[in-house]
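Trainee: Predicted model and sequence follow; I will ask about them next.
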Amino acid sequence: MKVLVCGGAGYIGSNMTELLARRGHKPVVLDNLSKGHQAAIKNAEFVQGDFGDFDFAVNVLKKYKIEAVMHFAAFIEVGESVDQPLRYYENNVSRTRTLLAAMEAAGVRKFVFSSTAAVYGMPEQIPITEDTPKSPINPYGETKWAVERMCHFQSQTGRLRYAALRYFNACGAGFNATLGEDHEPESHLIPLIIYTAMGKRDNIKIFGMDYPTPDGTCVRDYIHVEDLARAHLLALAKLDEKTELVYNLGNGKGYSVRQVIDCVRKVSGREFKVLEVARRAGDPPVLTADASKAKKELGWKTDYPELEKIVESAWKFHTANPKGYGSK
Ligand code: UFG
């Protein structure tokens, strides 16, 4: 299938592109390189540009005879979204609306959308199922939820079939650790701990030690990026039967910030400085997925259920690419 991967030069998008290529599909990456890295695109055609430019998007969809669109080109920083909500609404909602309009104009029906556990806000019930009330607590989560609703209503017209995939904590490096995380600035826990172990940072800060969790630090559900990518392929195939799909994607097992730090110590064999600081605003104590729906309906299985394997892949990527994609 010819699949347009918006944001295919980014972290999750590049893993998706590689998987599509290896499974015999024809991915076309559309990315403006504002965040992504051209070096992360290995086996795909690359078009540089904006997914939110209607005429341009229609042209790309037609020129490459695109049959499905996968969308990884959102802004993802929770803190930044609180400081600049309009920027998030513009990129994540308005421009995605334009992309959907371009798909409608070009007659492209299938859409796989990167959503997030942030749509649930501070859930009262753990693990989180797809039916857990949606109550985002920041503009980032709210913009993802807005797109899910937009897709829902557009699908009711019969002109869109879509899957909204709610990721928990994406991490690790895919394809023999060649495609990893390289954000600027980096805010995610695992790469930050690894940078500290590598000596690129002086310390790692634990945001909050007084959460109602076994060791007092926040618990998250870490899911390997290649496992995530495989769920997208399964969801895309399922869109032949169904018009509307929503799945949580996580391992269903939580690890605390402390446990992640200990795991990086073990994998790297290095000691480093850990500081205990105040809570970061807006962090729910525990976020773990009930992903049984994706397992049952899609036959999705995770190859990386253990944190140690996930961290090993990330460690391998970062040590092989100490300056990220700029290393090469
Ligand atoms: N943390 C630290 N120190 C750090 C960085 C993070 O203690 O230097 C903690 C956070 O407080 C949190 C955990 O590590 O408890 C994980 O933090 P991340 O920033 O790696 O990930 P989040 O759980 O905050 O966010 C992830 C995605 C977001 C998405 C969110 C959905 O990275 O894009 O899940 O809930 F919005």
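Mentor: Yes, it's here. Bear in mind that the values here come from a model prediction, so they are computed numbers and not experimental data.
Trainee: need the longest helix for this protein.
Mentor: helix 139-156 (DSSP state H).
Trainee: List the buried residues for that helix?
Mentor: Neighbour-count burial for helix 139-156 flags 139-148, 150-151, 154-155 (criterion: 16 or more other CB atoms under 10 Å). All C-beta atoms are positioned from the backbone trio N, CA, C, and that covers glycine.
Trainee: mind putting those in TSV, pLDDT and distance to residue 211 included?
Mentor: Below are these laid out as TSV (pLDDT from 0 to 100; distance: CB to CB, whole Å):
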residue	pLDDT	distance to residue 211
139	96	24
140	96	21
141	97	19
142	98	24
143	98	26
144	98	24
145	98	25
146	98	29
147	98	30
148	99	28
150	98	34
151	98	34
154	98	39
155	98	38
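Trainee: now the residues you listed as JSON lines including distance to residue 217?
Mentor: JSON lines is the format used below for those (distance: CB to CB, whole Å):
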{"residue": "139", "distance to residue 217": "26"}
{"residue": "140", "distance to residue 217": "22"}
{"residue": "141", "distance to residue 217": "22"}
{"residue": "142", "distance to residue 217": "26"}
{"residue": "143", "distance to residue 217": "28"}
{"residue": "144", "distance to residue 217": "25"}
{"residue": "145", "distance to residue 217": "27"}
{"residue": "146", "distance to residue 217": "31"}
{"residue": "147", "distance to residue 217": "31"}
{"residue": "148", "distance to residue 217": "30"}
{"residue": "150", "distance to residue 217": "36"}
{"residue": "151", "distance to residue 217": "35"}
{"residue": "154", "distance to residue 217": "41"}
{"residue": "155", "distance to residue 217": "40"}
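Trainee: nearest to residue 69, of those?
Mentor: The closest of those to residue 69 turns out to be residue 151 (CB to CB; 11.3 Å).
Trainee: quick one, what contacts the residue of the stretch 201-328 of the chain found nearest the ligand?
Mentor: Across the stretch 201-328 of the chain, no residue is closer to the ligand than residue 218, which sits at 3.0 Å (CB to the nearest ligand atom). The contact partners of residue 218, by CB atoms under 8 Å, 6 or more residues apart in numbering, come to 207-208, 211, 256-257, 283-286.
Trainee: Tell me how many other residues crowd residue 34.
Mentor: By other CB atoms under 10 Å, 12 other residues sit near residue 34.
Trainee: my guess is residue 98 contacts residue 53, does it?
Mentor: Yes - counting by CB atoms under 8 Å, residue 98 does reach residue 53; the two are 7.4 Å apart.
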